[in-house]
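J.: pasting the structure only:
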Ligand code: MG
């Protein structure tokens, strides 16, 4: 890779994406423990998607003649009070990821790294989607959190994610 600064920053993002996968896996098992199997399956798929994000960054580092460096993944939270609590945390986390992606884009622009800019613009779009999804589910859960029948249906619906 032509720029060490970019390579280091992208490797850091690989770690952040893997941490995201770890976080959503933790949410998945916690939701499963609490009897929300549909939500658990949704978060498991979300974790898989985060792993794919990490893979996309790793492939780019390799393809641009850089070196992938895997560093330790920090511990994640183990328990959430409710599905609403989990989605609140999801939205908060995705906003953080968005700012990380924007920071990387700033760096790619500063370094005139056009290939990295292209990769990152995919992630800019992806983050709009991630935030929008989390915001939508959170809004739904705010309405139904005290209605077990509605929560049951919500759980079933999330279980249908492809
Ligand atoms: Mg991601």
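T.: Arrived safely, thanks for sending. These numbers come from a predicted model, not from an experiment.

J.: not counting sequence-adjacent ones, nearest residue to the closest residue to the ion within the chain?
T.: Across the chain, the shortest distance to the ion (CB to the ion) belongs to residue 53, at 3.8 Å. C-beta coordinates here come from the backbone N, C-alpha and C atoms, glycine included. If the residues on either side of it in the chain are set aside, residue 53 comes closest to residue 17, at 4.3 Å by CB to CB, 6 or more residues apart in numbering.

J.: residues near that neighbour, how many?
T.: Close neighbours of residue 17, defined as other CB atoms under 10 Å, add up to 22.

J.: also residue 156?
T.: If we define neighbours as other CB under 10 Å, then residue 156 has 12 of them.

J.: grab the nearest non-local neighbour of it.
T.: Nearest non-adjacent residue to residue 156, counting by CB to CB, 6+ apart: residue 38, 5.3 Å away.

J.: residues contacting the one you found?
T.: Taking CB atoms under 8 Å, 6 or more residues apart in numbering, we find residue 38 in contact with 154, 155, 156, 157, 158, 159, 160.

J.: what's the distance between it and residue 124?
T.: Remark: distance between residue 38 and residue 124 (CB to CB, to the nearest Å) = 30 Å.

J.: now do residue 135
T.: Counting by CB to CB - residue 135 and residue 124 are separated by 17 Å.

J.: about what we covered before: please give the element, helix or strand, for the residue nearest to residue 156.
T.: Assessed by DSSP states H and E, residue 38 sits inside helix 37-63.

J.: mind listing what's buried along that helix?
T.: For helix 37-63, the neighbour count (16 or more other CB atoms under 10 Å) marks 38-44, 46-47, 50-51, 53-54, 56-58, 60-61 as buried.

J.: please apply the same query to stretch 109-119.
T.: 113, 116, 117, 119.

J.: nearest to residue 131 among these?
T.: residue 119 (19.3 Å; CB to CB).

J.: I'd guessed the residue of the chain closest to the ion sits against residue 122; true?
T.: No - if you go by CB atoms under 8 Å, residue 53 and residue 122 don't touch, sitting 9.8 Å apart.

J.: pLDDT of the helix or strand harbouring residue 15, averaged?
T.: In this structure, residue 15 sits in helix 4-33 according to DSSP H and E. If you average the pLDDT over helix 4-33, you get 98.

J.: look up how far residue 78 lies from residue 69.
T.: 27 Å.
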